[in-house]
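A.B. asks: coordinates only, sequence not included:
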């Protein structure tokens with residue numbers, strides 16, 4: 001591990017030199033003279049005297065370098081039977097014009113703009129237009145409930161909202177304008193303007209403060225990039241808060257640009273001109289970092305996909321996009337692959353497409369279970385690379401660095417800490433644990449560039465939520481261990497570690513056993529309260545399409561497998577076959593909600609849920625018996 005070890009060691013022992021060198025990959029209007037400002041620790045800042053514009057870095061500089069005719073953005077929308085390709089020159093023009101339109105509405109440097117849009121090119125244009133004029137965007141996942149949208153409006157206090165008339169899901173159209181109006185009816189803060197992109201699937205009535213997107217673009221004067229401080233915010237992205245009030249994760253301009261630029265080559269081995277596809281949504285951090293910003297910062301071509309892994313129209317959708325657009329590498333969530341595997345376990349659809357130019361599949365968003373890893377690796381015949389990060393971190397904490405030094409894959413592991421991330425495994429008292437012992441995953445401060453420097457308007461909440469549990473560390477909220485080779489295994493959230501008669505056990509380990517059964521497509525294990533043992537594990541499995549196995553036989557085989565691989569101490573005896581698992585729109589299984597219902601609590605339906613009917617159907621199975 002020469003290249004990796006040397007790079008990692010330098011990033012930890014000489015962060016000043018390491019990150020100033022990485023900063024050369026970015027175009028600055030004023031180059032930074034120092035990397036780290038620790039004068040307000042633990043509120044660290046990166047490149048404190050630097051000045052730049054992110055949209056210029058993502059667009060104009062590639063045009064100026066003579067690559068304006070290269071495709072920058074490919075929009076592929078099976079739900080509307082539409083495709084559109086923007087060159088770097090064309091996308092720069094669109095962004096500059098919409099930035100000018102925003103400026104004409106009174107949006108300026110430091111103002112906030114909420115973007116409430118589906119997966120359409122205009123969402124990317126709006127994000128980059130905000131960055132161009134120094135405004136701070138906050139993307140809210142299209143279709144979020146009025147209450148959740150209102151909470152974000154109240155916290156961000158936007159000058160304007162940019163929205164679409166509707167979003168399009170398989171079999172239904174989601175009207176956005178009524179949601180916005182309902183949200184604004186409950187908020188004290190009112191934006192000056194609401195810009196609406198009218199979609200043909202459902203146009204909406206415009207009133208009062210509303211502005212038609214096309215009308216605004218027709219009269220707008222293109223805006224030049226506005227230089228901002230590296231420490232100025234680029235965007236605020238909200239994530240769920242334990243108090244019910246969402247936490248506004250802040251991303252700064254300079255550290256973000258440097259970290260994402262560095263990551264594309266080192267982590268993903270993606271370079272200018274490569275076609276890169278992240279199958280996520282711009283409403284999530286993955287969409288911010290790796291649909292919009294990172295690929296454009298390095299001059300790659302990025303694919304924007306408005307569809308699903310199955311059902312738009314079939315389980316071959318992913319393979320069709322890769323083949324048709326010449327995708328070099330795909331980044332998606334394990335749940336997407338499990339959906340494909342469930343419908344098409346033999347990958348018959350894959351045989352219809354030429355994937356000869358496809359080199360790597362990257363997975364993140366939740367733990368990649370070994371069974372899904374092996375299925376994808378065997379069917380695709382390319383490296384399947386698990387990596388781990390969070391909304392708060394903005395880019396990978398641990399990965400198999402394909403562009404620096406590819407390493408042997410260990411199924412179930414996210415491989416090694418990425419340079420810049422000083423990952424440690426701590427016990428409950430904050431002591432570092434030796435290899436092989438599971439504990440809380442924490443990151444020694446300072447966090448590297450690109451990670452959140454604080455929460456929007458609330459430094460104290462940032463410190464309380466992330467920095468107070470272990471002094472000098474950021475608490476990830478995940479548990480795991482590092483093996484004797486230095487590989488990191490992330491086993492799940494710390495509240496997914498259950499205590500069975502005094503034994504701390506990872507539900508992730510049990511899920512790995514269940515997922516290995518040939519009949520199981522997806523699974524979840526939760527800990528439920530038990531008067532005798534404190535907690536007991538309960539399993540839930542979804543079967544692969546076409547599987548016919550007696551339910552009692554399956555239960556007996558799964559219980560025996562957990563007993564064999566983990567031991568009788570797990571006390572695993574309860575497993576149910578279900579039609580589907582409740583998930584967020586980003587693919588995370590709602591284990592916390594399931595635990596609450598299983599323990600007899602009335603759990604509210606999370607705003608992020610993909611299909612509330614799945615949770616409703618599962619509730620009767622979950623309720624205490």
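C.D. replies: Done, it's in. Quantities reported herein were computed from a predicted structural model and do not represent experimental measurements. Numbering: from 1, shown residues only.
A.B. asks: Secondary structure element for the residue nearest to residue 591 when sequence neighbours are not counted, which one?
C.D. replies: Once flanking residues are discounted, residue 591 sits nearest to residue 526: 5.4 Å by Cβ to Cβ, 6 or more residues apart in numbering. (C-beta placed from N, C-alpha, C; glycine too.) Assigning secondary structure by DSSP states H and E places residue 526 in strand 520-530.
A.B. asks: any idea how far the residue nearest to residue 366 when sequence neighbours are not counted lies from residue 619?
C.D. replies: In space, and not counting its chain neighbours, residue 366 is closest to residue 588: 5.3 Å by Cβ to Cβ, 6+ apart. Applying Cβ to Cβ, to the nearest Å, the value for residue 588 to residue 619 is 19 Å.
A.B. asks: lowest-confidence helix or strand of the protein?
C.D. replies: Every helix and strand of the chain was ranked by mean pLDDT, DSSP states H and E. The lowest is strand 503-506, at a mean of 65.
A.B. asks: Got the phi and psi for the residue nearest to residue 406 when sequence neighbours are not counted?
C.D. replies: What sits nearest to residue 406 in space, not counting adjacent residues and going by Cβ to Cβ, 6+ apart, is residue 400, at 6.4 Å. Residue 400 has phi and psi values of phi -90, psi 100 when expressed as degrees, to the nearest 10.
A.B. asks: Wait, residue 400 touches residue 417, no?
C.D. replies: No - assessed by Cβ atoms under 8 Å, residue 400 is found out of contact with residue 417, at 11.4 Å.
A.B. asks: Flag the shaky bits of the chain, pLDDT-wise.
C.D. replies: 1, 240-244, 494-497, 499, 501-504, 531-532, 625 (pLDDT under 70).
A.B. asks: what's the single longest helix in it?
C.D. replies: Using DSSP state H to define each element, the chain has its longest helix at helix 88-104.
A.B. asks: Name the surrounding residues that touch that helix.
C.D. replies: 55, 59-60, 62-63, 67-73, 86, 113, 121-122, 124-126, 128-130, 132-133, 135, 160, 195, 216-217, 219-224, 299 (Cβ atoms under 8 Å, 6 or more residues apart in numbering).
A.B. asks: same deal with stretch 556-572?
C.D. replies: 500-501, 503, 505, 509-510, 513-514, 516-517, 520, 525, 533, 536-537, 539, 541, 573, 575.
A.B. asks: one more time with 7 Å
C.D. replies: Contact partners of stretch 556-572, identified using Cβ atoms under 7 Å, 6 or more residues apart in numbering, comprise 500, 503, 505, 509-510, 513-514, 517, 533, 536-537, 539, 573, 575.
A.B. asks: Which pair in those residues has the greatest spatial separation?
C.D. replies: 517 and 533 (24.7 Å; Cβ to Cβ).
A.B. asks: The two: who's more crowded?
C.D. replies: residue 517 (19 against 14; other Cβ atoms under 10 Å).
A.B. asks: now that one: how far from residue 553?
C.D. replies: According to Cβ to Cβ, residue 517 stands 11 Å off from residue 553.
A.B. asks: cool, residue 264 as well?
C.D. replies: Per Cβ to Cβ, residue 264 is found 48 Å from residue 553.
A.B. asks: And residue 283, by the same measure?
C.D. replies: Distance of residue 283 to residue 553, given as Cβ to Cβ: 42 Å.
A.B. asks: ditto for residue 174
C.D. replies: Distance from residue 174 to residue 553, counting by Cβ to Cβ: 42 Å.
A.B. asks: For these two, indicate the residue with more neighbours.
C.D. replies: residue 174 (16 against 10).
A.B. asks: Doesn't the more buried one lie inside a strand?
C.D. replies: Yes - under DSSP: H, G, I helix; E, B strand; the rest coil, residue 174 falls within a strand.
A.B. asks: That one touches residue 165, doesn't it?
C.D. replies: No - with contact defined as Cβ atoms under 7 Å, residue 174 does not reach residue 165; the gap is 10.1 Å.
A.B. asks: immediately after the least confident helix or strand of the chain, which helix or strand?
C.D. replies: helix 507-515.
A.B. asks: If you compare the directions of that next one and strand 520-530, what angle comes out?
C.D. replies: In terms of direction (axes from the mean of the first three to the mean of the last three Cα atoms, to 10 degrees), helix 507-515 departs from strand 520-530 by 140 degrees.
A.B. asks: elements contacting helix 507-515?
C.D. replies: If you count contacts as 3 or more Cβ pairs under 7 Å, 6 or more residues apart in numbering; DSSP states H and E, helix 507-515 packs onto helix 370-380, strand 488-493, strand 520-530, strand 534-543, helix 551-565.
A.B. asks: Pull out the buried residues from the fourth one.
C.D. replies: Counting neighbours by 16 or more other Cβ atoms under 10 Å, one finds that the buried residues in strand 534-543 are 535-543.
A.B. asks: Adding distance to residue 309, write those residues out as TSV.
C.D. replies: Putting the buried residues of strand 534-543 into TSV (distance: Cβ to Cβ, whole Å) gives the following:
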residue	distance to residue 309
535	34
536	33
537	29
538	27
539	24
540	21
541	20
542	15
543	18
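A.B. asks: and of those residues, the nearest to residue 179?
C.D. replies: residue 542 (30.5 Å).
A.B. asks: How many neighbouring residues does the closest residue to that closest one other than its chain neighbours have?
C.D. replies: The shortest distance from residue 542 to any residue other than its chain neighbours is 4.2 Å, reached at residue 522 (Cβ to Cβ, 6+ apart). Using other Cβ under 10 Å, residue 522 is surrounded by 26 other residues.
A.B. asks: Would you map the strands across the stretch 1-150 of the chain?
C.D. replies: Secondary structure of the stretch 1-150 of the chain by DSSP state E, counting those that start in this stretch: the strands cover 36-37, 45-46, 51-52, 71-77, 82-87, 112-116, 136-139.
A.B. asks: who does the longest one touch, helix- and strand-wise?
C.D. replies: Going back to what we said before, that points to strand 71-77. strand 82-87, helix 88-104, helix 121-132, strand 301-305, helix 317-325.
A.B. asks: What strands line up against the fourth one, and which way round?
C.D. replies: It stands for strand 301-305. Applying DSSP bridges, strand 301-305 is found paired with strand 71-77 (parallel), strand 275-278 (parallel).
A.B. asks: and among those strands, the most buried is which?
C.D. replies: Mean neighbours per residue, mean count of other Cβ atoms under 10 Å, is largest over these for strand 275-278, with a mean of 24.
A.B. asks: which other residues reach that strand?
C.D. replies: Outside of strand 275-278, the residues within contact range by Cβ under 7 Å, 6+ apart are 270, 286-287, 290-291, 295, 300-303, 305, 321, 325-331.
A.B. asks: same thing with stretch 122-137?
C.D. replies: Residues from elsewhere that reach stretch 122-137, judged by Cβ under 7 Å, 6+ apart: 53-55, 58-59, 73, 94-96, 98-99, 102-103, 107-113, 115, 117, 139, 162, 197, 213, 223, 225-226, 228, 233-236, 282, 292, 304.
A.B. asks: circling back: can you count the residues close to the residue nearest to residue 366?
C.D. replies: Per other Cβ under 10 Å, the neighbour tally for residue 588 reads 17.
A.B. asks: Give me the distance between it and residue 218.
C.D. replies: Relative to residue 218, residue 588 is positioned 41 Å away (Cβ to Cβ).
A.B. asks: now do residue 460
C.D. replies: As defined by Cβ to Cβ, residue 460 lies at a distance of 46 Å from residue 218.
A.B. asks: What of residue 344?
C.D. replies: The gap separating residue 344 from residue 218 is 45 Å, by Cβ to Cβ.
A.B. asks: Among these two, which residue is more densely surrounded?
C.D. replies: When residue 344 and residue 218 are compared for neighbours, residue 344 comes out ahead with 20 against 10, by other Cβ under 10 Å.
A.B. asks: my read: that one touches residue 317, true?
C.D. replies: No - using Cβ under 7 Å, residue 344 is not in contact with residue 317, being 10.6 Å away.
A.B. asks: Tell me which residue is most central in the chain.
C.D. replies: Residue closest to the average C-alpha location in the chain (Cα atoms, centre = their mean): residue 286, at 3.3 Å.
A.B. asks: Is it correct that that residue is in contact with residue 292?
C.D. replies: No - judged on Cβ under 7 Å, residue 286 makes no contact with residue 292 at a distance of 10.2 Å.
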